Every structure is written in C-alpha cells, then in structure tokens.
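Undergrad: what shape does this take:
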Amino acid sequence: MNKLFFSILFLSLLSCSVNDELRDDQKQNSLDKENSSSLKNTTSDKGVNKKISTDKALLSNKIYTSKEEMVNDYISIYKKEPVLHGPYTWSIRKPTYSTRPGGNQPFTQTISYSSPYSYPPVGIYVAEIYNYKAQILLPNEAVTGYVESVDVSGYSNYTTQTVGINQFTTVGLPADGPFGPITTGLYLHANTYGVILKYNSVGQLINYPIGITDTKTFTYYYVTP
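TA: Just a heads-up that it's a prediction; the model follows:
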C-alpha cells in the first residue's frame, strides 16, 4: 500500500514539474512573438544569413554610454549621418529552475551585501542570482546598437551591488551557443541581475528580493547607413 501511495505521489509531482515548464515555455514564446513583431518591418526579406560586411565590424565591438555617442562615433568613421532607429523594446521572463540541461536558470552564490538601508543589514548572505538577459538579433542593415535602459533595474554586478545593466554586441553566432538562437548576424546583448537574499551567515531565512520581477523590458536603438 505504501509503495502504491509513493508511486502515485511521485508521478503527481513529476506531472506538476512538466506542466510548470510547459507554462513557462508558453509565456516566453508569447514574449518572443511580441519581440519579433517590433522588428518585423525592419528586417530584410532576404533573411539574415548573409556575409557580415567589414564596415559593420568597425563599430560592432564598441560599447556606448548613450545613443548620441553611438551616432557621433558613426559620423566620425563614415563622415555622414546615420539613420537612428528606435526606441524599440525587448521583454524577457524571469529565469526559472528547470530539470532540463542548459538554458538560463537562477544559481546560488554567497555574497557580501553592503546595504545603504537598515534592512537587510550589511553582512554575508547566501543568495539566489537571476540573470535577466536579452539577446536581440538586429536587422541586416544595422551597423551597431545600444541598449538605453531596462524598466526595473537590477545589478550590473551583483558582487559589488552596482545598479545598472551590461551590454555588448557580437557579429556571428550568439554568445549563448547551442541554447540560444542559431542564426548568424549582428546581436545586441544586455543583462541585469536580480537577487534574493535567502539566508544570513547564521542560517536564518531572509528571502529578501532585490530587482526581482516577472518580466523585464529593455529599450534599445540601432543605426543604419
């Protein structure tokens, strides 16, 4: 009787886990469709599987602090005004635990927390780290891009608790390899970290969230000749 009960319980938990993963996939797929629609009128009908030009590589490794800096850098190299496109938005869901390998999952890290507030106090915490990362395939004509902001900021560096975002561009396959998109092109990457302080140094449960949201939306621009 006990064996039958535990077998039914195991199958029930397994079914719940699979259903949760399917629901998360459906929600992210819905966001992916919304993200794609923001670019549907800007991507070449010929697709993105074409040789990346030498001109594009001149700016693709730059990291900018403003869209104005991006435009001015283009002018300094090409001696003419570019066409500035945007603002566009790209939304992503909070990373979730999954039984499947790869993907973007939260991870546990021990951090030294320095707070400007009275709670939680300064100290050592075991924390869950959530990496909200966007990976945007820009249109064929794009030379470079810039992420201006995220709607709810997390940390650009969770170790030092620096508030903000990180960004860079890559030419070729995306940085995430086989678990990301596989189309060759110019990618604009951005990320920010959410943190949940789970336990303090004596093992007390804290569960204090910082920069944790169900979704985050990045605002970005790009330039074309």
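
Undergrad: for this protein, what spans make up the strands?
TA: Taking DSSP state E as the criterion, the chain carries its strands at 83-93, 107-113, 123-137, 144-150, 154-157, 162-164, 166-172, 185-200, 205-210, 215-224.

Undergrad: out of the ones you listed, which is closest to residue 70?
TA: strand 144-150 (4.7 Å; C-beta to C-beta). All C-beta spots, glycine's among them, are computed from the backbone N, C-alpha and C.

Undergrad: for the closest one, which residues meet the burial criterion?
TA: 144, 145, 146, 147, 148, 150 (16 or more other C-beta atoms under 10 Å).

Undergrad: roughly how far apart are residue 87 and residue 114?
TA: 33 Å (C-beta to C-beta, to the nearest Å).

Undergrad: more neighbours: which of the two?
TA: residue 87 (12 against 9; other C-beta atoms under 10 Å).

Undergrad: kindly state the beta-bridge partners for the closest residue in space to the more buried one that isn't next to it in sequence.
TA: Once flanking residues are discounted, residue 87 sits nearest to residue 219: 4.9 Å by C-beta to C-beta, 6 or more residues apart in numbering. Beta-bridge partners recorded for residue 219 (DSSP bridges): residue 89, residue 149.

Undergrad: would you confirm that residue 219 contacts residue 134?
TA: No - counting by C-beta atoms under 8 Å, residue 219 does not reach residue 134; the two are 10.4 Å apart.

Undergrad: if we can go back for a sec, any chance of the buried residues of strand 144-150 in TSV with pLDDT as columns?
TA: Formatted as TSV, those follow (pLDDT from 0 to 100):
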residue	pLDDT
144	91
145	94
146	95
147	96
148	96
150	96
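
Undergrad: of the residues you listed, which is the nearest to residue 215?
TA: For the buried residues of strand 144-150, with residue 215 as the reference and C-beta to C-beta as the criterion, the closest is residue 150, at 10.5 Å.

Undergrad: list the contacts of the closest one.
TA: When contacts are counted by C-beta atoms under 8 Å, 6 or more residues apart in numbering, residue 150 touches 132, 165, 190, 192, 216, 217, 218, 219.

Undergrad: so how far is residue 63 from the first one?
TA: The one in question is residue 132. Going from residue 132 to residue 63 by C-beta to C-beta gives 18 Å.

Undergrad: next: residue 171.
TA: From residue 171 over to residue 63 the distance is 14 Å, taken as C-beta to C-beta.

Undergrad: got it, and residue 169?
TA: Taken as C-beta to C-beta, the span from residue 169 to residue 63 is 8 Å.

Undergrad: picking up where we left off before, neighbour count winner among residue 132 and residue 63?
TA: The neighbour comparison of residue 132 against residue 63 (other C-beta under 10 Å) goes to residue 132, with 26 against 13.
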